[in-house]
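Asks: any chance you could fold what I've pasted below:
(chains A and B)
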2 protein chains.
Amino acid sequence: MSNLPVSGARLWDSLMEMAKIDATPKGGNNRQTLTDGDGQARALLRRWAEAIGCSVAVDRVGNMVIRREGRDPSRAPVAMGSHLDTQPSGGRFDGVLGVLAGLEVLRALHESGTETEAPIVLVNWTNEEGARFSPPMMGSGVAMGLFEEAEILAKQDPAGAVFGEELRRIGWQGDADPAALQSLGAYFELHIEQGPTLEAENIPVGIVDRALAQLWLDITVTGEEAHGGSAMAPRRDAMMGAAQLVQAVEEIALAEGGRGTVGRLTVQPDSRNVVPSRVWFSVDFRHGEPAALARMDAALRQRAADIAARRRIGIDVAHFWDFPLTPFSEDLVAALQRAAEGRNLRSKRMPTGIGHDAVYLARRVPTAMIFVPCEGGVSHNEAENITPEWAEAGLVVLADAVLATANSIREG
Amino acid sequence: MSNLPVSGARLWDSLMEMAKIDATPKGGNNRQTLTDGDGQARALLRRWAEAIGCSVAVDRVGNMVIRREGRDPSRAPVAMGSHLDTQPSGGRFDGVLGVLAGLEVLRALHESGTETEAPIVLVNWTNEEGARFSPPMMGSGVAMGLFEEAEILAKQDPAGAVFGEELRRIGWQGDADPAALQSLGAYFELHIEQGPTLEAENIPVGIVDRALAQLWLDITVTGEEAHGGSAMAPRRDAMMGAAQLVQAVEEIALAEGGRGTVGRLTVQPDSRNVVPSRVWFSVDFRHGEPAALARMDAALRQRAADIAARRRIGIDVAHFWDFPLTPFSEDLVAALQRAAEGRNLRSKRMPTGIGHDAVYLARRVPTAMIFVPCEGGVSHNEAENITPEWAEAGLVVLADAVLATANSIREG
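Replies: Down below sits the predicted model:
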C-alpha cells in the first residue's frame, strides 16, 4: 500500500466538471469524437495537466499523451488512460473515469512531490466509441499498428465529414508518431464494468485479466415456402428451424460459461400467412478460453446439422469474423491484486467481453484493466451511474499499482 | 353414378389450350387479373360456352356467369366455378381446373342432350389471386356482399392502374348485379389441394367440408439492450424469449392438430453485438374447430406469460384479425361423398386452410369443395403440376354431384 494521497473527492469533482461539457438534459453527455465539445474536453484536460507540471504531446491521430518524468528517463513509461469521447446519448463515466483517475494519480504525485523511477504517462485515446466515425478504438488501434494511419484519417462520418479534417478543425492534430506508444512499459485502464456482475456481487474492484475470444457467424436457414393454411407435417419451415437454433446459441453459451448473442435476424418472404423459406441470423459467441470457444462453434454446427436433417431444411453456418483471446499481463494483474489487498478491497478476476483501448494495447504492451461497478450494468446511456465510493476504489487500486510498477519496472 | 359422358381427355386438352395464354418459359402462366391475357382467357371461355348454347352474362365487377337453363326456370341454379387469373409466376391448374371442369360438365350435358331440373351455372370469378389488386377473392367477395362494390372498383395496383378502369379497358365490365349470385342454390368448386396430403396418402379426391377458423396475433417481446460481451445471467434478451415463443407456436399447433405459422419477425436495435431489446413477430393460427383454436390462443398466452416471468421480459400478445370457421353444406358434402363412392374413388373429408372463392360463397350459398392432389403440394409456382388422372377424378365427382343436386334441389 502506497502513501500516495489520492483524493476520491477531487476525482469526483473533476468528473462532474468534465460532465458539464456537452451535458444532456437527462444527466448524461453527448460529446462525440472530434466535435467542438471533444475539443473543449481535451483543452480542459490539458489545462489540468499543465497546472501540475506535466507535458502534453499530441500525435497525428489526436491521441493526447500527458507525461510526468521519472528519475530514470531511460525506463519505459508506465501508462494509464482511457477516453473522453462519449456515445450520442452517453454517460458521464464510460471512458472519462479512466482518464480523470489517471489525472488524479498525477496530481497526487505532484502534490506529494513523489518521484518515480519510470516516467508516468496518461493517454486520452481518440475516438474509442466509434459512434461518429467507425471503427471504434481508432486512436489506440493506429498507435498499436492495427490500423493504417492514412486510412483512418480518411474515414468519413455519416454526414460526410472527414476524420483528419475534423481533427485539424478542432485543433487537435499533433505531430507525434502514434507508434511511439508501442514502447510503453505498462498500461493500466480503469473503466466501469458496463455489466451488472460487480454490483450484484457487491464487489468494488474487478481485476480484468483477459479479453474474451470472439467468433461471429452468419447462419442461413433454407426451407420451402408454403401457405399458412397448409398442413404442418410436410412443412419445411425455415422460421421454426431458426428458432430452435437461436435457442441453441443460448444453451451452448450457458453450458460452456461463455456468451451467445443473436442480434440480427431477417425473414423471407416476410408475409404473415406464408411459411418462411429463408431466415438469416447473426451469432456472436465469446469465451475466455479459446478451446471453449471452439467447442461452442462445434456444438452449434452439430445442432445445426441435427435440426437440418430432422426438419429437411438447409442450414449454412458461415464464419464471419473472429477475434482471438487477448490475455493481459500476469505481472500487472498481480500488481492490481496486491493493490486491492493492500487497500482491503474485495476483488474478483474477470474477463472483459467488451472492446476497450486496453484490448488493443495488450497486443504490444503489458496491459491490465480495473473494473468498478456501475448501477444496473447500464452504460452507453444517459442514465449511466456510479457511486463516489466505487470511483475511489478504482482510483486507489490504480494509484497503488501504477506506483509499484513505475518503481519496479525494468528498462524498456 | 350418372351416365354423363364427361371426358377427362377433353378437359385436359382445354387446360393445355388455356395454358397457352400468357404462358411462361418455365411451363407456368403469368395471367394476372384484368391484363390483356385475362381478357383473352375470358374470351376463349366465352367462345367455348357459346358454342354449346350457353348464355354468358357479366356483372359490374367482371364475374362471368355462364348459364344453361333447366326444365324448371324457377329453381335456384346449381353453380360450379373458380378463376382464370393466376399469380405472377403461377401454374396451369390453380383456379383454371375448376372453371374448365365446369365447362366440361356443361359440354357433356349439351352433347348428351341431358336436361336438368335446375339451371346449371358456371362462374369465372374476377381476381381470386389478389396478386395485382388486393384483396384477393374480390369478385366473389363483392357478389356475396362482403366488400363494397365502389370501393373495389377504385382499388389500384402498385403501378397506379385503377381496377374499374382496367376492367373496362379489357372490355369485361358488364351490367349485371353481382349480388344476384347470392340466390344460387348450390355452389361446387373443384381445386387443386395446394398441399401434399392427398398425393402423400394416394387419395385422388378430397371432400372439403369447412374452411379453417383463423386467428392472427401480433407478438411484441420487450427486453433490455445489452452488450454482446456482457454476462449471460443478468440478460433480459428479447430474442431468446421470442425464439422460445416461436417454437411454442409450432408445438401448440401440432398438439391441437391445427396450423401455426410465424411469417414475419423484426428485431431492434438490429446489431450483431447487441442483445435485442425488442422483437416483434406475427402468428397465424388455424384450426377446423373453433374451440381448438381458442385453446391454441389460450395456450400461447400462457406460454408467453411463463416465458416473460422466467426471463424477466415483457411479452404482449395482441389480437390482429380473425376469421371464423366456415362450415360447408352437409348436403353438398354428402352429395360429393356419394359421387366419389359411385365412381369407386377413394376420398377423405378435409378442411381447407387456404382462402378460395368457395369460402366467401359459403357465407350465403350452400357450398362444398373438391380437392385433387397436386405434385409435391406445389402451387403459386410455374412448377405446379397434376396428372390427367387426378383432373379426371375431380371432374367425375363434380359432374355427378352437380347433376344429382340439380335434379333434387328444391325451389330457390
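
Asks: and the gap between residue A:316 and chain B?
Replies: Computed with Cβ to the nearest Cβ, to the nearest Å, the distance linking residue A:316 and chain B is 17 Å. Placement of C-beta: from N, CA and C, glycine included.

Asks: ok, residues contacting the helix or strand harbouring that residue?
Replies: Under the criterion DSSP states H and E, the helix or strand holding residue A:316 is strand A:314-323. When contacts are defined by Cβ atoms under 8 Å, 6 or more residues apart in numbering or on different chains, strand A:314-323 is touched by residues A:213-223, A:241, A:245, A:282, A:300-301, A:304-305, A:307-308.

Asks: which of those residues fall in helices?
Replies: The members of the contacts of strand A:314-323 that map onto helices under DSSP state H are A:241, A:245, A:300, A:301, A:304, A:305, A:307, A:308.

Asks: tell me which of those residues is nearest to residue A:123?
Replies: Here the nearest of these to residue A:123, counting by Cβ to Cβ, is residue A:300; it sits at 38.6 Å.

Asks: what's the lowest-mean-pLDDT helix or strand in chain A packed up against?
Replies: For chain A, the helix or strand with the lowest mean confidence is strand A:226-227, at a mean of 86 (criterion: mean pLDDT, DSSP states H and E). Identification of packing neighbours for strand A:226-227 by 3 or more Cβ pairs under 8 Å, 6 or more residues apart in numbering or on different chains; DSSP states H and E yields strand A:274-275.

Asks: hmm, the strand it packs on touching chain B?
Replies: Yes - contact between strand A:274-275 and chain B, assessed by Cβ under 8 Å from any Cβ of the partner chain, occurs at A:274, A:275.

Asks: just the pLDDT for whichever residue of the stretch 101-250 of chain A sits closest to chain B.
Replies: As assessed by Cβ to the nearest Cβ, chain B sits closest to residue A:229 within the stretch 101-250 of chain A, at 2.6 Å. At residue A:229 the predicted local confidence, pLDDT, stands at 88.

Asks: likewise residue A:324?
Replies: Per-residue confidence at residue A:324 stands at 89 (pLDDT).

Asks: who's in contact with the residue lying closest to residue A:287 once chain neighbours are set aside?
Replies: With Cβ to Cβ, 6 or more residues apart in numbering or on different chains as the criterion, residue A:287 has its nearest non-adjacent residue at 3.6 Å, and that residue is residue A:258. Shown in contact with residue A:258 (Cβ under 8 Å, 6+ apart): A:212, A:252, A:285, A:286, A:287, A:288, A:292, A:293, A:296.

Asks: what residues does the stretch 201-350 of chain A have near chain B?
Replies: Counting by Cβ under 8 Å from any Cβ, the residues of the stretch 201-350 of chain A close to chain B are A:212, A:214, A:216, A:226-232, A:234, A:237, A:239-240, A:242-244, A:246-247, A:250, A:253-254, A:259-265, A:267, A:270-276, A:282, A:284, A:286.

Asks: hmm, which of those are the buried ones?
Replies: Among these, those buried by neighbour count (16 or more other Cβ atoms under 10 Å in any protein chain shown) are A:212, A:214, A:216, A:226-232, A:234, A:237, A:239-240, A:242-244, A:246-247, A:250, A:253, A:259-265, A:267, A:271-276, A:282, A:284, A:286.

Asks: how's chain A carved up into domains?
Replies: In terms of domains, chain A is parsed into A:8-211+A:325-408, A:213-323 (source: automatic domain parsing).

Asks: distance to residue B:339 added to those, as CSV?
Replies: Formatted as CSV, the domains of chain A follow (distance: least, Cβ to Cβ, whole Å):
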stretch, distance to residue B:339
domain A:8-211+A:325-408, 68
domain A:213-323, 24
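
Asks: out of these, which is closest to residue B:110?
Replies: Comparison of these against residue B:110 by Cβ to Cβ identifies domain A:213-323 as nearest, at 36.2 Å.

Asks: how far does the closest one stretch from start to finish?
Replies: With Cα to Cα, to the nearest Å as the measure, the first residue of domain A:213-323 is 6 Å from its last.

Asks: from the ones in helices among the contacts of strand A:314-323, which two are the most distant?
Replies: Looking at the ones in helices among the contacts of strand A:314-323 by Cβ to Cβ, the two members farthest from one another are A:241 and A:301, with 14.2 Å of separation.

Asks: do you know how far the spatially most central residue of chain A is from chain B?
Replies: Taking Cα atoms, centre = their mean, the centroid of chain A lies closest to residue A:356, which sits 2.3 Å from it. Residue A:356 is 10 Å from chain B, where distance means Cβ to the nearest Cβ.

Asks: quick one: that residue and residue A:188 touch, right?
Replies: No - if you go by Cβ atoms under 8 Å, residue A:356 and residue A:188 don't touch, sitting 11.6 Å apart.

Asks: state the phi and psi torsions of the residue lying closest to residue A:171 once chain neighbours are set aside.
Replies: Nearest residue to residue A:171, sequence neighbours excluded (Cβ to Cβ, 6+ apart): residue A:39, at 6.3 Å. Phi and psi for residue A:39, reported as degrees, to the nearest 10, are phi -60, psi -40.

Asks: could you do the one 5 residues further on as well?
Replies: With angles defined as degrees, to the nearest 10, residue A:44 sits at phi -60, psi -40.

Asks: buried residues, the strand holding residue A:316. List them.
Replies: Residues A:314, A:315, A:317 are the ones in strand A:314-323 that count as buried (16+ other Cβ under 10 Å).

Asks: partners of the following helix or strand past that strand, with directions?
Replies: Per DSSP H and E, strand A:314-323 leads on to strand A:326-327 as the next helix or strand towards the C-terminus. Sheet neighbours of strand A:326-327, with direction, are listed as strand A:205-211 (antiparallel) (DSSP bridges).

Asks: what's around residue A:25, how many residues?
Replies: Neighbourhood size, residue A:25 [other Cβ atoms under 10 Å in any protein chain shown]: 6.

Asks: off-centre distance for the host helix or strand of residue A:46?
Replies: Taking DSSP H and E as the criterion, the element that holds residue A:46 is helix A:36-51. Here the centre of helix A:36-51 is set off from its chain's centre by 22 Å, with Cα atoms, centre = their mean, to the nearest Å.

Asks: got the CA positions of that helix in PDB?
Replies: Presented in PDB, the C-alpha positions along helix A:36-51 are these (Å, rounded to 0.1, in the frame of the first residue of the first chain):
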ATOM      1  CA  ASP A  36     -16.300  21.100 -30.500                       C
ATOM      2  CA  GLY A  37     -17.200  19.500 -27.200                       C
ATOM      3  CA  ASP A  38     -14.400  17.000 -27.600                       C
ATOM      4  CA  GLY A  39     -12.000  19.900 -28.300                       C
ATOM      5  CA  GLN A  40     -13.200  21.600 -25.100                       C
ATOM      6  CA  ALA A  41     -12.800  18.400 -23.000                       C
ATOM      7  CA  ARG A  42      -9.300  18.000 -24.400                       C
ATOM      8  CA  ALA A  43      -8.400  21.600 -23.600                       C
ATOM      9  CA  LEU A  44      -9.700  21.200 -20.000                       C
ATOM     10  CA  LEU A  45      -7.600  18.100 -19.500                       C
ATOM     11  CA  ARG A  46      -4.600  19.900 -20.900                       C
ATOM     12  CA  ARG A  47      -5.000  22.900 -18.600                       C
ATOM     13  CA  TRP A  48      -5.300  20.500 -15.600                       C
ATOM     14  CA  ALA A  49      -2.200  18.600 -16.700                       C
ATOM     15  CA  GLU A  50      -0.100  21.600 -17.300                       C
ATOM     16  CA  ALA A  51      -1.100  23.000 -13.900                       C
END
